[in-house]
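> here is a sequence with its predicted model. Questions after.
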Amino acid sequence: MKILQDWQLAFMLLWESIKELKYLPRQLNRCFEHGCNMGYKTLPIVGILSLFMGGILALQTGYSLSKLPGVQSYLGSIVGLSMCRELGPLMTAFLLTGRVGSAITAELASMSVYQEIDALRTMNLSPTRLLVMPRIVGGLLMMPFLTMFSNVLGWIGGWFVVKTVDIISIDGGIYWRSLKQYVDFDSLNDGLIKAEVFALTIILMSCSIGLRTKGGPREIGASVTSTLVQSMIAILTLDYFLTKVLL
(Lines give C-alpha, C1' and ligand atoms only; values in the text may rest on other atoms or scores of the structure.)
Protein backbone atom coordinates (compact mmCIF):
# COMPACT_ATOMS: atom_id res chain seq x y z
CA MET A 1 0.00 0.00 0.00
CA LYS A 2 2.86 2.40 0.76
CA ILE A 3 4.19 1.95 -2.77
CA LEU A 4 0.82 2.90 -4.27
CA GLN A 5 0.58 5.88 -1.93
CA ASP A 6 4.06 7.10 -2.95
CA TRP A 7 3.18 6.75 -6.64
CA GLN A 8 -0.09 8.64 -6.10
CA LEU A 9 1.70 11.49 -4.32
CA ALA A 10 4.35 11.60 -7.06
CA PHE A 11 1.60 11.88 -9.68
CA MET A 12 -0.01 14.71 -7.72
CA LEU A 13 3.36 16.46 -7.61
CA LEU A 14 3.58 16.10 -11.40
CA TRP A 15 0.24 17.85 -11.77
CA GLU A 16 1.38 20.67 -9.50
CA SER A 17 4.60 21.00 -11.53
CA ILE A 18 2.65 21.22 -14.79
CA LYS A 19 0.64 24.11 -13.36
CA GLU A 20 3.91 25.86 -12.45
CA LEU A 21 5.24 25.68 -16.03
CA LYS A 22 3.86 29.16 -16.68
CA TYR A 23 6.76 30.41 -14.56
CA LEU A 24 9.33 28.49 -16.62
CA PRO A 25 10.88 31.57 -18.33
CA ARG A 26 11.83 32.93 -14.90
CA GLN A 27 13.35 29.58 -13.88
CA LEU A 28 15.41 28.83 -16.98
CA ASN A 29 18.70 29.46 -15.21
CA ARG A 30 17.76 27.00 -12.49
CA CYS A 31 16.70 24.44 -15.11
CA PHE A 32 20.00 24.61 -16.97
CA GLU A 33 21.93 24.56 -13.72
CA HIS A 34 20.18 21.41 -12.53
CA GLY A 35 20.46 19.76 -15.95
CA CYS A 36 24.20 20.42 -16.24
CA ASN A 37 24.71 19.27 -12.67
CA MET A 38 22.91 15.99 -13.38
CA GLY A 39 24.89 15.38 -16.54
CA TYR A 40 28.23 16.28 -14.97
CA LYS A 41 27.69 13.93 -12.05
CA THR A 42 26.36 11.01 -14.09
CA LEU A 43 28.30 11.14 -17.38
CA PRO A 44 31.57 9.45 -16.29
CA ILE A 45 29.96 6.45 -14.62
CA VAL A 46 27.47 6.08 -17.49
CA GLY A 47 30.36 5.95 -19.96
CA ILE A 48 32.36 3.39 -17.99
CA LEU A 49 29.42 1.10 -17.33
CA SER A 50 28.10 1.30 -20.90
CA LEU A 51 31.50 0.54 -22.40
CA PHE A 52 31.89 -2.61 -20.37
CA MET A 53 28.23 -3.61 -20.74
CA GLY A 54 28.51 -3.45 -24.53
CA GLY A 55 31.69 -5.51 -24.37
CA ILE A 56 30.14 -8.12 -22.10
CA LEU A 57 27.06 -8.35 -24.30
CA ALA A 58 29.19 -8.84 -27.41
CA LEU A 59 31.37 -11.43 -25.67
CA GLN A 60 28.51 -13.52 -24.33
CA THR A 61 26.46 -13.31 -27.52
CA GLY A 62 29.47 -13.89 -29.76
CA TYR A 63 30.43 -17.01 -27.80
CA SER A 64 26.88 -18.39 -28.06
CA LEU A 65 26.66 -17.64 -31.79
CA SER A 66 30.06 -19.20 -32.48
CA LYS A 67 28.36 -22.60 -32.41
CA LEU A 68 26.11 -21.55 -35.31
CA PRO A 69 28.08 -20.99 -38.53
CA GLY A 70 27.44 -17.67 -40.22
CA VAL A 71 25.22 -16.23 -37.51
CA GLN A 72 27.94 -14.14 -35.89
CA SER A 73 27.55 -11.59 -38.67
CA TYR A 74 24.37 -10.43 -36.87
CA LEU A 75 26.30 -9.61 -33.69
CA GLY A 76 26.35 -5.89 -34.47
CA SER A 77 22.59 -5.73 -34.80
CA ILE A 78 22.10 -7.62 -31.52
CA VAL A 79 24.40 -5.32 -29.57
CA GLY A 80 23.05 -2.20 -31.31
CA LEU A 81 19.39 -2.95 -30.73
CA SER A 82 19.92 -4.22 -27.18
CA MET A 83 21.72 -1.05 -26.19
CA CYS A 84 19.44 1.53 -27.80
CA ARG A 85 16.10 -0.14 -27.03
CA GLU A 86 16.73 -1.52 -23.55
CA LEU A 87 20.13 -1.48 -21.86
CA GLY A 88 21.07 2.14 -22.61
CA PRO A 89 17.92 3.75 -21.16
CA LEU A 90 17.68 1.27 -18.29
CA MET A 91 21.30 1.53 -17.14
CA THR A 92 21.24 5.30 -17.42
CA ALA A 93 18.05 5.44 -15.36
CA PHE A 94 19.51 3.23 -12.62
CA LEU A 95 22.65 5.34 -12.47
CA LEU A 96 20.59 8.53 -12.42
CA THR A 97 18.63 7.10 -9.51
CA GLY A 98 21.73 6.27 -7.50
CA ARG A 99 23.77 9.35 -8.34
CA VAL A 100 21.17 12.12 -8.75
CA GLY A 101 17.91 10.85 -7.25
CA SER A 102 19.51 10.12 -3.90
CA ALA A 103 21.16 13.57 -3.86
CA ILE A 104 17.87 15.31 -4.64
CA THR A 105 16.08 13.44 -1.87
CA ALA A 106 18.84 14.14 0.66
CA GLU A 107 18.83 17.86 -0.18
CA LEU A 108 15.06 18.31 -0.06
CA ALA A 109 14.69 16.07 3.00
CA SER A 110 17.27 18.19 4.83
CA MET A 111 15.36 21.34 3.88
CA SER A 112 12.13 19.77 5.09
CA VAL A 113 13.57 18.50 8.38
CA TYR A 114 15.14 21.86 9.17
CA GLN A 115 11.89 23.68 8.24
CA GLU A 116 13.26 25.51 5.21
CA ILE A 117 10.33 24.25 3.12
CA ASP A 118 7.90 25.68 5.68
CA ALA A 119 9.79 28.98 5.52
CA LEU A 120 9.26 29.13 1.75
CA ARG A 121 5.53 28.56 2.19
CA THR A 122 5.43 31.22 4.91
CA MET A 123 6.93 33.71 2.44
CA ASN A 124 4.25 32.65 -0.09
CA LEU A 125 6.84 30.98 -2.34
CA SER A 126 5.91 27.69 -3.97
CA PRO A 127 8.40 24.85 -3.24
CA THR A 128 7.14 23.11 -6.38
CA ARG A 129 7.94 26.14 -8.52
CA LEU A 130 11.40 26.72 -7.03
CA LEU A 131 12.60 23.22 -6.20
CA VAL A 132 10.70 20.64 -8.25
CA MET A 133 9.76 22.06 -11.65
CA PRO A 134 13.32 23.23 -12.56
CA ARG A 135 14.71 19.81 -11.68
CA ILE A 136 12.12 18.07 -13.84
CA VAL A 137 12.84 20.27 -16.84
CA GLY A 138 16.60 19.97 -16.36
CA GLY A 139 16.40 16.20 -16.08
CA LEU A 140 14.24 15.87 -19.18
CA LEU A 141 16.68 18.03 -21.14
CA MET A 142 19.74 16.06 -20.05
CA MET A 143 18.43 12.48 -20.20
CA PRO A 144 18.47 12.10 -24.04
CA PHE A 145 22.15 13.12 -24.17
CA LEU A 146 23.07 10.69 -21.40
CA THR A 147 21.16 7.88 -23.11
CA MET A 148 22.74 8.46 -26.53
CA PHE A 149 26.15 8.64 -24.87
CA SER A 150 25.42 5.29 -23.23
CA ASN A 151 24.33 3.78 -26.56
CA VAL A 152 27.44 4.90 -28.42
CA LEU A 153 29.83 3.75 -25.69
CA GLY A 154 28.05 0.38 -25.60
CA TRP A 155 28.44 -0.03 -29.36
CA ILE A 156 32.13 0.87 -29.13
CA GLY A 157 32.60 -1.65 -26.32
CA GLY A 158 31.04 -4.35 -28.47
CA TRP A 159 33.26 -3.42 -31.43
CA PHE A 160 36.39 -3.58 -29.25
CA VAL A 161 35.51 -7.11 -28.15
CA VAL A 162 34.87 -8.15 -31.77
CA LYS A 163 38.32 -6.84 -32.72
CA THR A 164 40.24 -8.43 -29.84
CA VAL A 165 38.55 -11.75 -28.97
CA ASP A 166 39.50 -14.73 -31.13
CA ILE A 167 36.30 -16.74 -30.64
CA ILE A 168 34.40 -14.02 -32.51
CA SER A 169 35.34 -14.64 -36.12
CA ILE A 170 33.97 -11.53 -37.83
CA ASP A 171 35.60 -8.32 -38.93
CA GLY A 172 34.91 -4.98 -37.24
CA GLY A 173 33.50 -3.65 -40.51
CA ILE A 174 30.89 -6.42 -40.60
CA TYR A 175 29.94 -5.54 -37.02
CA TRP A 176 29.30 -1.89 -37.92
CA ARG A 177 27.45 -2.73 -41.16
CA SER A 178 25.11 -5.06 -39.30
CA LEU A 179 24.55 -2.45 -36.61
CA LYS A 180 23.74 0.31 -39.11
CA GLN A 181 21.47 -1.99 -41.10
CA TYR A 182 19.16 -2.88 -38.21
CA VAL A 183 19.41 0.08 -35.81
CA ASP A 184 17.02 2.62 -37.30
CA PHE A 185 15.45 5.87 -36.13
CA ASP A 186 12.45 4.08 -34.61
CA SER A 187 14.70 1.95 -32.41
CA LEU A 188 16.59 4.99 -31.17
CA ASN A 189 13.36 6.90 -30.64
CA ASP A 190 11.82 4.08 -28.58
CA GLY A 191 14.82 4.10 -26.27
CA LEU A 192 14.71 7.86 -25.86
CA ILE A 193 10.99 7.75 -25.03
CA LYS A 194 11.75 5.23 -22.30
CA ALA A 195 14.60 7.37 -21.03
CA GLU A 196 12.41 10.46 -20.71
CA VAL A 197 9.72 8.55 -18.82
CA PHE A 198 12.34 7.08 -16.50
CA ALA A 199 13.90 10.49 -15.83
CA LEU A 200 10.51 12.01 -15.03
CA THR A 201 9.74 9.12 -12.68
CA ILE A 202 13.06 9.37 -10.84
CA ILE A 203 12.88 13.11 -10.25
CA LEU A 204 9.22 13.04 -9.21
CA MET A 205 9.81 10.19 -6.77
CA SER A 206 12.94 11.83 -5.35
CA CYS A 207 11.27 15.21 -4.87
CA SER A 208 8.05 13.76 -3.51
CA ILE A 209 9.76 11.65 -0.86
CA GLY A 210 12.22 14.41 0.03
CA LEU A 211 9.55 17.07 0.52
CA ARG A 212 7.48 14.77 2.74
CA THR A 213 10.33 13.85 5.10
CA LYS A 214 9.60 14.62 8.73
CA GLY A 215 11.52 14.03 11.94
CA GLY A 216 15.27 14.26 12.42
CA PRO A 217 18.51 13.50 10.58
CA ARG A 218 17.87 9.74 10.76
CA GLU A 219 14.79 10.17 8.59
CA ILE A 220 16.91 11.69 5.82
CA GLY A 221 18.76 8.40 5.33
CA ALA A 222 15.50 6.47 5.40
CA SER A 223 14.08 8.76 2.72
CA VAL A 224 17.10 8.25 0.48
CA THR A 225 16.76 4.48 0.81
CA SER A 226 13.04 4.70 0.05
CA THR A 227 13.77 6.77 -3.07
CA LEU A 228 16.20 4.19 -4.42
CA VAL A 229 13.83 1.27 -3.83
CA GLN A 230 10.68 3.00 -5.08
CA SER A 231 12.37 4.47 -8.17
CA MET A 232 13.86 1.15 -9.27
CA ILE A 233 10.56 -0.65 -8.82
CA ALA A 234 8.80 2.07 -10.80
CA ILE A 235 11.43 2.00 -13.57
CA LEU A 236 11.20 -1.76 -14.05
CA THR A 237 7.39 -1.71 -13.95
CA LEU A 238 7.19 1.10 -16.49
CA ASP A 239 9.86 -0.56 -18.63
CA TYR A 240 7.70 -3.64 -19.09
CA PHE A 241 4.58 -1.73 -20.11
CA LEU A 242 6.47 0.72 -22.32
CA THR A 243 8.16 -2.19 -24.09
CA LYS A 244 4.76 -3.75 -24.82
CA VAL A 245 3.43 -0.45 -26.14
CA LEU A 246 6.46 0.39 -28.28
CA LEU A 247 7.01 -3.05 -29.87
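Yep, that arrived. Residues are numbered from 1 along each chain as shown.

> number of nearby residues for Arg218?
9 (other C-beta atoms under 10 Å). The way it works is simple: take the backbone N, C-alpha and C, and place the C-beta from them, glycine included.

> chain center to the helix or strand hosting it: distance?
Here Arg218, judged by DSSP states H and E, is contained in helix 217-246. Distance, stretch centre to chain centre, for helix 217-246: 11 Å (C-alpha atoms, centre = their mean, to the nearest Å).

> roughly how far apart are the residue most central in space within the chain and Ala195?
Among the residues of the chain, Ala93 comes closest to the average C-alpha position under C-alpha atoms, centre = their mean, at 2.1 Å. From Ala93 across to Ala195, the span is 7 Å (C-beta to C-beta, to the nearest Å).

> can you give the contact residues for the helix or strand containing Ser178?
Element membership for Ser178 (DSSP H and E) is helix 172-182. Residues outside helix 172-182 that contact it (C-beta atoms under 8 Å, 6 or more residues apart in numbering): 73-77, 79-81, 155, 158-159, 162-163.

> gap between the helix or strand bottoming out on mean pLDDT in the chain and the chain center?
Sorting the helices and strands of the chain by mean pLDDT, DSSP states H and E puts helix 2-19 at the bottom, at a mean of 83. Centre-to-centre, helix 2-19 and its host chain are 19 Å apart (C-alpha atoms, centre = their mean).

> contact partners of it?
With C-beta under 8 Å, 6+ apart as the criterion, helix 2-19 contacts 128, 132-133, 136, 200-201, 204-205, 207-209, 211-212, 226, 230, 233-234.

> let's see which of these end up in helices.
Per DSSP state H, helices hold the following members of those: 133, 136, 200-201, 204-205, 207-209, 211, 226, 230, 233-234.

> neighbour-wise, which one of these leads?
In terms of neighbours by other C-beta under 10 Å, these top out with Met205 at 29 neighbours.

> how close does the closest residue to that one other than its chain neighbours get to Gly55?
In this structure, Met205 finds its nearest non-sequential neighbour in Ser231, 4.8 Å apart by C-beta to C-beta, 6 or more residues apart in numbering. Applying C-beta to C-beta, the value for Ser231 to Gly55 is 27 Å.

> who's more crowded, those two?
Taking neighbours as other C-beta under 10 Å, Ser231 and Gly55 compare with Ser231 leading, 28 against 22.

> contacting residues for Met53?
83, 87, 91, 154, 157.

> let me have these in JSON lines, extended by secondary structure and distance to Ser110.
Putting these into JSON lines (DSSP: H, G, I helix; E, B strand; the rest coil; distance: C-beta to C-beta, whole Å) gives the following:
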{"residue": "Met83", "secondary structure": "helix", "distance to Ser110": "37"}
{"residue": "Leu87", "secondary structure": "helix", "distance to Ser110": "34"}
{"residue": "Met91", "secondary structure": "helix", "distance to Ser110": "29"}
{"residue": "Gly154", "secondary structure": "helix", "distance to Ser110": "36"}
{"residue": "Gly157", "secondary structure": "helix", "distance to Ser110": "38"}
